[in-house]
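S.K.: I'd like to go over a predicted model; first the sequence, then the structure.
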Amino acid sequence: MPARDQRILEAAILSRLEHQPTTPTKAIKRLRPNPLAEFELRAGDLRALYNIEGNEVVVLIVARKVGNKLIVEGEEFHGHQDHPVEPPGSGPERDAE
């Protein structure tokens, strides 16, 4: 991640998550139930998915929002969805007749 993006995200984390990280705002959103994260922090087109464990904020994924897609390390990320899209060929095998 470029240094500029790192600074933007660090500033957002320090200013928004230090106090009341679970209070919904324009920048903080509670996600629908999913196996990965409970909250999302928005900082421009950057997203940090995180959980609260005791008194700590645990950032799990840092991504970039491009349109309606979440991009992590150059690849579209689906792990935060209720029913992630499966890549072709990873679903149940069809019976060949």
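M.R.: Arrived safely.
S.K.: all contacts plus neighbour counts: C-alpha atoms, from now on.
M.R.: OK.
S.K.: what helix or strand does the residue positioned nearest the centre of the chain sit in?
M.R.: Geometric centre of the chain, nearest residue: residue 49, 3.4 Å, by CA atoms, centre = their mean. According to DSSP states H and E, residue 49 maps onto strand 46-53.
S.K.: quick one: mean pLDDT over that strand.
M.R.: Averaged across strand 46-53, the pLDDT comes to 96.
S.K.: now stretch 57-71
M.R.: Averaging pLDDT along stretch 57-71 gives 93.
S.K.: now do stretch 15-28
M.R.: Averaging pLDDT along stretch 15-28 gives 94.
S.K.: send me it as CSV with only the CA atoms.
M.R.: C-alpha atoms of stretch 15-28 as CSV (Å, rounded to 0.1, in the frame of the first residue of the first chain):
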residue,chain,number,x,y,z
SER,A,15,-9.4,9.5,15.0
ARG,A,16,-12.5,7.3,14.5
LEU,A,17,-11.7,4.0,16.3
GLU,A,18,-10.0,5.2,19.5
HIS,A,19,-13.3,6.2,21.1
GLN,A,20,-16.7,4.5,20.3
PRO,A,21,-15.5,2.2,17.5
THR,A,22,-19.0,0.5,17.4
THR,A,23,-21.0,3.7,17.1
PRO,A,24,-22.4,4.0,13.5
THR,A,25,-21.3,7.1,11.6
LYS,A,26,-20.7,8.0,8.0
ALA,A,27,-17.3,6.4,8.3
ILE,A,28,-18.2,3.4,10.6
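S.K.: need the single longest strand in this structure, by residues.
M.R.: When the chain is parsed with DSSP state E, its longest strand is strand 56-66.
S.K.: what comes up buried for it?
M.R.: 59, 61-65 (16 or more other CA atoms under 10 Å).
S.K.: contacts for it, please.
M.R.: With CA atoms under 8 Å, 6 or more residues apart in numbering as the test, strand 56-66 has contacts from 17, 21, 36-37, 45-52, 70-73.
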